[in-house]
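*Asks:* Can you look at this prediction? I've put the sequence above it.
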Amino acid sequence: MTQAPLADWSPMTPETPAEPELPRAVALAWGVAANPQRGPKREMSIERIVDAAIGIADAEGLAAVSMARVAQSLGYTTMSLYRYVTAKDDLLLLMQEQASEVPIPETAHAGGWRAGLTQWVGSSRAAYREHPWLSDIPISGVPITPNSLAMVDWFLREVRGLPLDPGEKMGMLLLLANYARGTSRQEHELAAADPGDIDGANFMSGLAQLVTPERFPDFAPFLMSGGYLGGDEPEDPDVDFAFGLERILDGLELYLTRRAGEPDAATAPAGAARDEGREAVGGEEPLPRDPKVREANRRRRDAERAVREAQKSLREARRRERDEIAAARQRATEQDAKAAERAAKAAERAARDAARS
């Protein structure tokens with residue numbers, strides 16, 4: 001899907017059609033908003049502003065992002081930013097739009113709707129992992145920006161052949177989108193928590209005295225077995241995530257089976273793809289609970305993270321190149337205008353001299 005870059009917008013002219021009736025930030029995301037008529041030279045752009053804001057959020061969290069902080073990082077005044085982005089909420093929407101961009105496959109997954117939706121959720125989760133602050137942005141309405149609608153379009157492509165009405169398809173989308181968002185937010189928050197609060201080291205001895213079999217006949221043995229807080233080895237979030245996703249997809253498949261009047265999937269033998277719900281995100285083979293496999297899995301995630309960072313650096317380099325090209329063109333235009341002005345003044349002086357003589 002071809003989308004207009006945030007910076008590809010130009011001044012309104014008498015020949016330019018009127019802007020569509022969209023909120024300012026949404027129009028900017030679609031590339032149909034008018035360029036401010038006054039303000040800093042063209043070295044400033046929407047893309048540079050959004051890139052700077054995302055850089056601050058990635059490094060320090062969403063709370064550190066403010067119009068003043070972004071302006072300072074770019075070397076401009078706060079008021080100069082407001083000529084491009086009229087409110088912080090608009091800036092947050094543009095940050096969300098850019099950070100949510102993921103590679104969109106052109107066709108539905110060859111492995112069927114389950115594999116396709118697994119890949120869809122995995123891509124959404126990857127965006128949250130690369131930019132954890134995304135889950136801190138409140139949901140304020142239905143998404144209508146290009147990248148968010150590209151995700152909706154991808155989802156609908158994966159479920160195109162399912163016997164579901166539009167409301168049911170949107171219900172599936174919201175269920176899976178909320179699962180990706182909720183688990184990503186939990187993972188982000190736990191990463192900042194005291195490890196002793198996660199594994200119970202800070203309170204287990206005191207809690208064990210209060211949680212007695214008499215008061216909690218089922219929970220007490222569960223707590224003491226390590227099932228509630230986990231064992232000595234940290235839980236792998238990818239395994240837990242894949243388990244939960246597989247159970248959601250199992251429920252959706254059962255719903256489809258019952259609608260079709262076929263035997264319940266719950267009574268059929270479990271296939272290899274259901275192996276303890278440990279199918280890895282992205283349609284890969286089941287992930288065994290083996291330390292060596294986990295270590296290899298972590299290395300693979302590190303390599304993927306490095307690739308994402310390299311891709312991000314490449315995008316930033318391309319944006320800087322575009323900014324420099326635009327600035328050079330602007331300087332050349334200004335130089336040409338000054339040369340023309342000097343020539344006009346010289347011609348005017350020559351005309352006056354000729355008139356005097």
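*Replies:* On my side now, so go ahead.

*Asks:* got any ranges where this protein has weak pLDDT?
*Replies:* By pLDDT under 70, the low-scoring segments of the chain are 1-20, 34-43, 230-235, 262-295, 297-298, 305, 308, 311-312, 315, 326.

*Asks:* Show the contacting residues for the most centrally placed residue in it.
*Replies:* Centroid check for the chain by CA atoms, centre = their mean gives S100 as the closest residue, at 2.4 Å. By CB atoms under 8 Å, 6 or more residues apart in numbering, the contact set of S100 is A127, L134, N147, S148, M151. No exception for glycine: its C-beta is placed from N, CA and C like everyone else's.

*Asks:* same check, this time on R319
*Replies:* Counted by CB under 8 Å, 6+ apart, R319 has contacts E47, R48, D51.

*Asks:* which one of those has the most neighbours?
*Replies:* Neighbour counts for the contacts of R319, by other CB atoms under 10 Å, peak at D51, which reaches 23 neighbours.

*Asks:* Quote the end-to-end distance of stretch 95-103.
*Replies:* 17 Å (CA to CA, to the nearest Å).

*Asks:* Now do the buried residues in that stretch.
*Replies:* M95, Q96, E97, Q98, A99, S100, V102 (16 or more other CB atoms under 10 Å).

*Asks:* Wait, the fourth one touches A52, no?
*Replies:* Which is Q98. No - with contact defined as CB atoms under 8 Å, Q98 does not count as touching A52 (11.6 Å).

*Asks:* returning to that earlier point: what two of the contacts of S100 have the greatest distance between them?
*Replies:* Pairwise distances across the contacts of S100 (CB to CB) peak at 12.7 Å, for the pair L134 and M151.

*Asks:* What does I144 show for phi and psi?
*Replies:* phi -140, psi 20 (degrees, to the nearest 10).

*Asks:* In space, what's closest to it - neighbours in sequence excluded?
*Replies:* Nearest non-adjacent residue to I144, counting by CB to CB, 6 or more residues apart in numbering: V26, 5.9 Å away.

*Asks:* Now that that neighbour has come up, it's in contact with N147, right?
*Replies:* No - with contact defined as CB under 8 Å, V26 does not reach N147; the gap is 11.8 Å.

*Asks:* Tell me which helix or strand A343 sits in.
*Replies:* If you go by DSSP states H and E, A343 is part of helix 291-356.

*Asks:* same question, G251
*Replies:* Going by DSSP H and E, G251 is in helix 237-260.

*Asks:* chain center to that helix: distance?
*Replies:* In terms of CA atoms, centre = their mean, to the nearest Å, the centre of helix 237-260 is found 24 Å from the chain centre.

*Asks:* now the angle from that helix to helix 291-356?
*Replies:* 90 degrees (axes from the mean of the first three to the mean of the last three CA atoms, to 10 degrees).

*Asks:* List the buried residues in helix 237-260.
*Replies:* Applying a neighbour-count criterion of 16+ other CB under 10 Å, one finds 237-239, 241-242, 245-246, 249-250, 252-253, 256-257 buried in helix 237-260.
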